[in-house]
Structure formats: C-alpha cells, structure tokens
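A.B. asks: Give me a 3D structure for the following:
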Amino acid sequence: MQKIGVLLPRSTYYETISFDIYEGLKLGLEAIGEKDIKIVTENIGFGADKQQCYRSAEKLLLEENVSLVLAFIGHRTAELLRPLFLAANKILIVLDAGANLPNEWPTCANIFYHSLHNSLGAWLTAQKASNDGYKKGAMVTGYYDGGYLHTYSISKSFEDAGGTIFFNHATGYKENDFTMEPLQHYINENSDSAFLSLFSGDFVQWYFKELKSRFSNQNLPIYLTPFGFEETMLENAVFPSNLVSGIVSWSKKIENKENKLFIETIEASGRKPNLFSLISWEAASIVTKVLELLIEQKNNIPKIASELQKFEFNGPRGKIYFDEKTNTTISDLYEVRLIEKNGMSEIELGKRVNNIKEEFDKLCELSLNNVTSAWYNSYTCI
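C.D. replies: Numbering: from 1, shown residues only. From the prediction side, this is the model:
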C-alpha cells in the first residue's frame, strides 16, 4: 500500500478546515477508484511556525516514508521546505489559497501548486468594477486579509484599468473592533465609488452586517474576491446591497457532472462542501498522476515534473491544467452577483471568465518592488 502525507492546518473561523481537507482528499481518491492509498497526517497549526512546518514535513518523509506530501500552505513556506524536498527527492503538492503573490514565481521540479486563485480573482474583480464604469475606488479589507498581496493585485488592476484608489480602510481584528464608520464620511463625499473588498470567514458576515446597519438605503457597489463568496459563510450573512458582485473560483451552482459528484459525495459523508474540501478533492487526481509517474519514471523527479506539467483533468470547477512556467494549476473562474434569500445572501452564478491564462500571465509579470507581505500563516488560518 502506498502512503501519502498531508500537512493539515487549523483555523479559528474555519474550524473544520483540517477535516474538510482530509475528507475531500480521501473521498476524492475513492471516487477515482484509489482505495489502497494510506493517508498520513501531521498538524502544522496556523502554518506560521516555520520550524514546525519543517519538522512535520521531515517526519512524513523520514519516519513515514511517504511517496509525496500535500500541504495547505503559501509560497513563502513552500520555499522554506524546498531544500528538504530536493534532498529527499520527493514531490510537494501545495494546496494554495492563492491570496499572496511571490516575489519570484517558483519553478522547482519538486514543488507543484494547486490553487484557488484569490489574487487572480482579485485582479479580475477590479477589472469588473472598471468595466462597470467606476473610476474611483475605496479598498476595504479585514485586518487579516489586508496582510496579503491580493491587496496589491486588486489595487494594481484597478489602477491599470484607469481607476484611482481614493480611500483605504482596514478593520479591527475582533468583532467588537470591527466597524465601517470611517466609510461614512467618504461615502458622503464620494458616492460614485466602487468598494473593492477583501474579506474571508466571519469577516464577511461582519462586513455585510455593518453595511446593512449603516448604509441600508444606499445600495453600495460592493466588489468581492473568491473567498468573500465562500458559500458556507454566506449562509449566515445578511443581504447588504443589490450591487454586490465579483469573481468566484467555485460554487455549488456550477453545473457539470464532476461538481454534482463532488457535492453529493461530500454531503453523503455528513459534511458541507466548501473551498477546502474542493481543493483537496481535486488534488486527488494530481496525487494519482504523480504516483503513477513515480513508478513509470522510476523516481526521476525532472522527468516526472515534465510529464506532470502536461497533465490536465476535469474537476468540479471545470478543466484544470498546469502553467508550465510556474508549476501552478489554472482553472475556470466565474462572474457572480449576490441575491437575497429570506433576508440572507446567496450567489447567482454568471458567465465563465474568458482569457484566464492570459490574465494569470499578466499577474505573474507584476513587479513587486517594495511590495511585501509579513504573513507566513496559511491563508484563513488564524
């Protein structure tokens, strides 16, 4: 029986994250007929402790002798693990929320990235705001979300499209410190602004509650990125405005047989399908391909990497394939808008975004001079 390792995070506002990732991977493997693969897990906390991440990965490689490792981490932590995986001659599959931008896009043959593309979604969200006619923007972020470089992605995209950011507001860390009061004066003077918003987890619910409380009659144009539309959080979020729209990487409303199977299988296990079970479910197809190539190519990592770069498959989001320059998966993204259901929020799925690969290439070419992020945490893990 082959063994694979998984580095599992924890999160205070996505409390089921480790279970979702584990179940998504296990059920995804079973769905494609792989029932004889043993999954060995190690906990890495919030992903911020670099030594803990290294020790946990090292344990999987040395003590458990796993064939490969999956980890819900970001680029910075993955780069710290790079020497370990080079020395072990093993492959690391990074389950990447895509909220940060690396200073240099990596091309190590031992590391591949399967992404939810929050930064790319932010890039496209700003374009949507511009296409809707907005030239003035206010950027509004949660305390945690504001520390990632999807903030640069959304602002740079808006500016490149001819817009200007006139106002920035980052909220408090806790619910009793969370307020949209600073927006009130700005809105009085700049009612023609788009609100470029970066939130995840409970912060989405707090944001909508504040908007509803303070600006219920103003119908503000709110633009959200993929994690802002995470549907398990929207179930408990009040409907704030008729002009909430943006980009998603996945929704339960995507109609294809792969998504139907994913949703039905996860729900039959007693869990709610979400972005975390989705990314690991899809990763099951990448895992089986790597295991196949390990045998076929006799553990020759450069040859395995070359073959894996050509690999593509259909998942719940649609077609998934690798960008050969960055070893990162490319997948469909969709336009959405928010609709009201019994006073709460729900997604209405729109059209698939065109030219995803071309827009990803533009994102990769951004110069990040003097643009940095201090976060090592796995995204959404605080």
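
A.B. asks: Show me the helices in the chain, by range?
C.D. replies: For the chain, applying DSSP state H gives helices covering 17-31, 50-62, 75-88, 118-131, 150-160, 181-189, 202-215, 231-234, 257-268, 275-296, 301-308, 356-364.

A.B. asks: How much space separates Gly318 from Gly228?
C.D. replies: 21 Å (Cβ to Cβ, to the nearest Å). Placement of C-beta: from N, CA and C, glycine included.

A.B. asks: who has more neighbours, the two?
C.D. replies: Ranked by neighbour count (other Cβ atoms under 10 Å), Gly318 and Gly228 place Gly228 first, with 31 against 17.

A.B. asks: isn't Glu258 right up against Asn314?
C.D. replies: Yes - with contact defined as Cβ atoms under 8 Å, Glu258 and Asn314 form a contacting pair (5.4 Å).

A.B. asks: lowest average confidence, helix or strand, in this structure?
C.D. replies: Ranking every helix and strand in the chain by mean pLDDT, DSSP states H and E puts helix 181-189 at the bottom, with a mean of 90.

A.B. asks: List the buried residues for that helix?
C.D. replies: For helix 181-189, a neighbour-count test (16 or more other Cβ atoms under 10 Å) marks 183, 187 as buried.

A.B. asks: Now do it against helix 202-215, angle only.
C.D. replies: For helix 181-189 against helix 202-215, the angle by axes from the mean of the first three to the mean of the last three Cα atoms, to 10 degrees is 50 degrees.

A.B. asks: residue contacts, Ile39?
C.D. replies: Going by Cβ atoms under 8 Å, 6 or more residues apart in numbering, Ile39 touches 3-6, 22, 25-26.

A.B. asks: domain parsing for this structure?
C.D. replies: For the chain, automatic domain parsing gives the domain ranges 2-117+254-331, 119-248+333-354.

A.B. asks: so which of the ones you listed gets nearest Leu368?
C.D. replies: Leu368 lies closest to domain 2-117+254-331 among the domains of the chain, at 5.3 Å (Cβ to Cβ).

A.B. asks: Between the two ends of the closest one, what distance do you get?
C.D. replies: 28 Å (Cα to Cα, to the nearest Å).

A.B. asks: related to what we said a few turns ago, Glu258 and Asn314: which is more packed in?
C.D. replies: Using other Cβ under 10 Å, the more surrounded residue of Glu258 and Asn314 is Glu258, with 20 against 14.

A.B. asks: From Ser378, how far off is Phe46?
C.D. replies: Distance from Phe46 to Ser378, by Cβ to Cβ: 6 Å.

A.B. asks: Find residues that contact each of those two.
C.D. replies: Jointly contacting Phe46 and Ser378 under the rule Cβ under 8 Å, 6+ apart are Pro9.

A.B. asks: Name the residues of stretch 160-179 that come out as buried.
C.D. replies: Residues 161, 163, 165, 167, 169-171, 178 are the ones in stretch 160-179 that count as buried (16+ other Cβ under 10 Å).

A.B. asks: Who are the contact partners of Leu84?
C.D. replies: Per Cβ under 8 Å, 6+ apart, neighbours of Leu84: 54, 57-58, 61.

A.B. asks: Met344: what's it in contact with?
C.D. replies: Contacts for Met344 (Cβ under 8 Å, 6+ apart) come out as 234-239.

A.B. asks: what bridges to it?
C.D. replies: Beta bridges link Met344 to Val238, Lys341 when assigned by DSSP bridges.

A.B. asks: More neighbours: Phe46 and Ser378, which one.
C.D. replies: In this view Phe46 and Ser378 are compared by other Cβ under 10 Å, and Ser378 has more residues nearby, 28 against 17.

A.B. asks: Distance check, the closest residue to the more buried one other than its chain neighbours against Asn118.
C.D. replies: Once flanking residues are discounted, Ser378 sits nearest to Gly47: 3.3 Å by Cβ to Cβ, 6 or more residues apart in numbering. To Asn118, Gly47 is 16 Å away according to Cβ to Cβ.

A.B. asks: what does Glu348 give?
C.D. replies: Distance from Glu348 to Asn118, counting by Cβ to Cβ: 20 Å.

A.B. asks: So these two - more neighbours on which side?
C.D. replies: More neighbours sit around Asn118 than around the other of Glu348 and Asn118, counting by other Cβ under 10 Å; the figures are 30 against 12.
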